[in-house]
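[1] How does the following fold in three dimensions:
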Amino acid sequence: TKLMADRTSIIIAHRLSTIQDADKIVVIDHGEILEIGNHNELLEKEGFAVEKNVANIATAFTGRFGSGKPVIGFLGEYDALSGLSQIEGIFEKKPLVDGAPGHGCGHNLLGVGSVAAALAVKEYLQENGKEGTVIFYGCPGEEGGSGKGFMARDGVFDELDFAVSWHPADQNAVSVGSSTANYQIYYRFYGISSHAAGSPEKGRSALDAVELMNTGVQYLREHIIQEARVHYAITNTGGFSPNVVQPYAEVLYLIRAPKNDQVKEIFERINDIAKGAALMTGTKMEMEFIKACSNLVDNTTMQEVMYKNALEVEREGYTEEEMKLASEFYASLGSKKLDIQAELKNYEKSHKAAAEAVMAPYADAPINDFIMPLADVEGCLAGSTDVGDVSYVCPTVQFKGLTEVAGTPAHTWQWTAQGKSSIAHKGMIFSAKVMAATAIDMYEDPAKIEPAKKELNNRLGGYLSYISRLRTISESKVSDDDTNERHLTVDKDSM
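    Residues are numbered from 1 along each chain as shown. Just a heads-up that it's a prediction; the model follows:
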């Protein structure tokens, strides 16, 4: 930019992948310069061929090593959450920078842990002279952007035999169960401004349209499945003067349900409500489809391989100092006990007693320092993840690694405060080892991959071909001229 021209600028970032256009990057640890280089030099130092601007997304990239089959992908995320800046290691809310983002979901650890797993597999391939390809995927915008959905739409994951990922958590467990699919859409209304007292009959209120739409959706909630969620935020009310009829207003909707088709059905009904609101107010309605992500598809074959490795990989113990820190954090959270009865819902009746025996000793512990038994009941999380789109393309497995004290709620300053602790780092390294060991098992015995693919095929009803929600929506007509309807288009550059 002109502002930065002819100047030396210092940029502080958590990840190299967040720096796109730097001539030189200096990596500093406690005042000591560890490395100097440009973006590509630092990423390629370990021998990976780096491709940037993947799927035409500026912050998406891949690192590739090796050749031939099998082709294994590690998924990395690195985005933060708005407003969750927090000073590390303290037990009170205190932003490092007021209003700035913070890693309240642990993606600072997620991305690095996945890189570590990819590097470990690279070394395994080199040392053993094995054929195979390992790819690290730098996936932006998981929080509200569904970057992997856009990448999957453009075929970025199509070559994979399977994918491996993880997520920071307050326990060690193989992730079992689905997540909700979702759509996110802007609804914009255009009216006519007028003096609200002198000539209200000449005005057409866009704000009235938004309010009527929201009221209609409130009534719709009674008539959709219980597991669905419909969230909204009024992002523009059209102005601050009550004596002016607002000519413009917009609302952002996020629709969730356990399955893609269920989200699509609710989306179409909400569209009708939006059109009705426009008709009632004499305004025009315009939609902008922001993003979509699919529900997760479980893969028991891969989960069993990962669980075996989670039990076999050695975990580093915690020091007295770490246990003291964990106890203080735990107390600051109100000493939230492990809800064993809630966890037992994830197990068949015949396995509940054995699972409870593993968890019971840690009911009051500040750290859930054990491996959660492999769940055998596949529930559905209320939240969403764009890993779901990858799981439609190839067998996908995820690990949950212990980086937080017991009971720490995600998307909070408390989570951010623990994100740089030695406890978090130990959990990240353990998770990386589990992921790498899982991948190596598949390299050692490629015949294990076919059962995983067959399972995915069966779970998708024999239709082993990913159809992007983004592509199907962008090609569909959702309105016509008589009711102010528009063709929806999705521009991958708009992420």
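
[2] Isn't residue 284 up against residue 275?
    No: using C-beta atoms under 8 Å, residue 284 makes no contact with residue 275, being 10.4 Å away. Just so you know, the C-beta spots here come from the backbone N, C-alpha and C atoms, and that holds for glycine as well.

[3] Neighbour count for these two, which is higher?
    Higher neighbour count among residue 284 and residue 275: residue 275, with 21 against 16, using other C-beta atoms under 10 Å.

[4] can you give me the helices in this protein?
    Ranges of helices within the chain are 39-44, 107-128, 147-153, 206-220, 260-281, 300-312, 320-332, 340-343, 349-359, 387-393, 413-417, 422-444, 449-459, 469-474, based on DSSP state H.

[5] Please produce TSV containing those, extended by distance to residue 233 and mean pLDDT.
    What follows is those, written out as TSV (distance: least, C-beta to C-beta, whole Å; pLDDT from 0 to 100):
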stretch	distance to residue 233	mean pLDDT
helix 39-44	35	56
helix 107-128	22	94
helix 147-153	21	91
helix 206-220	10	98
helix 260-281	14	97
helix 300-312	36	97
helix 320-332	30	92
helix 340-343	30	92
helix 349-359	38	94
helix 387-393	23	95
helix 413-417	21	92
helix 422-444	31	95
helix 449-459	34	95
helix 469-474	21	59
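
[6] Quick one: those helices as a markdown table, columns for distance to residue 165 too.
    Formatted as a markdown table, the helices of the chain follow (distance: least, C-beta to C-beta, whole Å):
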| stretch | distance to residue 165 |
| --- | --- |
| helix 39-44 | 19 |
| helix 107-128 | 7 |
| helix 147-153 | 10 |
| helix 206-220 | 33 |
| helix 260-281 | 20 |
| helix 300-312 | 11 |
| helix 320-332 | 26 |
| helix 340-343 | 22 |
| helix 349-359 | 24 |
| helix 387-393 | 6 |
| helix 413-417 | 19 |
| helix 422-444 | 8 |
| helix 449-459 | 15 |
| helix 469-474 | 20 |
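
[7] so which of those comes closest to residue 175?
    Minimum separation from residue 175 across the helices of the chain (C-beta to C-beta) falls at helix 300-312, 7.9 Å.

[8] Give the other helices and strands that that closest one contacts.
    strand 173-174, strand 396-402, helix 422-444, helix 449-459 (3 or more C-beta pairs under 8 Å, 6 or more residues apart in numbering; DSSP states H and E).

[9] list the contacts for the residue most central in space within the chain?
    For the chain, the residue nearest the mean C-alpha position is residue 142 (3.7 Å; C-alpha atoms, centre = their mean). Residue 142 makes contact with 77, 79, 107, 148, 385-386 under the criterion C-beta atoms under 8 Å, 6 or more residues apart in numbering.

[10] Tell me which of the helices of the chain sits nearest to residue 368.
    helix 349-359 (8.1 Å).

[11] buried ones in the closest one?
    Judged by neighbour count using 16 or more other C-beta atoms under 10 Å, the buried positions of helix 349-359 are 351-352, 355-356, 359.

[12] And for stretch 75-95?
    For stretch 75-95, by 16+ other C-beta under 10 Å, it's 75-81, 84-86.

[13] could you dump these to TSV with pLDDT and distance to residue 303?
    Shown next, in TSV, are the buried residues of stretch 75-95 (pLDDT from 0 to 100; distance: C-beta to C-beta, whole Å):
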residue	pLDDT	distance to residue 303
75	96	16
76	93	20
77	91	20
78	87	25
79	85	26
80	82	29
81	85	28
84	89	31
85	91	36
86	90	33
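
[14] To what extent is the residue nearest to residue 67 when sequence neighbours are not counted buried, counted in neighbours?
    Nearest non-adjacent residue to residue 67, counting by C-beta to C-beta, 6 or more residues apart in numbering: residue 133, 5.9 Å away. Neighbourhood size, residue 133 [other C-beta under 10 Å]: 19.

[15] Can you tell me how far residue 133 is from residue 127?
    Residue 133 is 16 Å from residue 127, where distance means C-beta to C-beta, to the nearest Å.

[16] Please apply the same query to residue 394.
    Distance from residue 394 to residue 127, by C-beta to C-beta: 26 Å.

[17] Next, the distance between the ends of stretch 219-227.
    16 Å (C-alpha to C-alpha, to the nearest Å).

[18] Use 673 as the first number from now on
    Taking 673 as the first residue, the last one we looked at is stretch 891-899.

[19] what comes up buried for it?
    In stretch 891-899, counting by 16+ other C-beta under 10 Å, buried: 892, 896.

[20] Tell me the bridge partners for residue 876.
    Beta-bridge pairing for residue 876 (DSSP bridges): residue 864.

[21] and it, what is it in contact with?
    863-864, 917, 919, 953-955.

[22] Now which of those residues would you call buried?
    863, 917, 919, 953, 955.

[23] Export the residues you listed to a markdown table and append columns for distance to residue 764.
    As requested, the buried ones among the contacts of residue 876 are arranged in a markdown table below (distance: C-beta to C-beta, whole Å):
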| residue | distance to residue 764 |
| --- | --- |
| 863 | 46 |
| 917 | 46 |
| 919 | 45 |
| 953 | 47 |
| 955 | 47 |
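
[24] Now compare those and name the two farthest from each other.
    Taking C-beta to C-beta, no two of the buried ones among the contacts of residue 876 sit farther apart than 919 and 953, at 11.4 Å.

[25] Give the residues shared as contacts by those two.
    863, 876, 878.

[26] ok, those vs residue 869, which is closest?
    For these, the nearest to residue 869 is residue 876 (16.1 Å; C-beta to C-beta).

[27] Tell me the spacing between that closest one and residue 949.
    For residue 876, the distance to residue 949 - C-beta to C-beta - is 12 Å.

[28] Same check on residue 793?
    53 Å.

[29] Next: residue 811.
    For residue 811 relative to residue 949 (C-beta to C-beta), the value is 36 Å.

[30] Please identify which of these two sits among more neighbours.
    residue 811 (36 against 25).

[31] residues contacting residue 758?
    Neighbouring residues of residue 758 by C-beta under 8 Å, 6+ apart: 765-768, 774, 776, 1085, 1088-1089.

[32] For it, which non-adjacent residue is spatially closest?
    Going by C-beta to C-beta, 6+ apart, residue 758 has residue 1088 as its nearest residue, at 3.9 Å.

[33] can you count the residues close to that neighbour?
    26.
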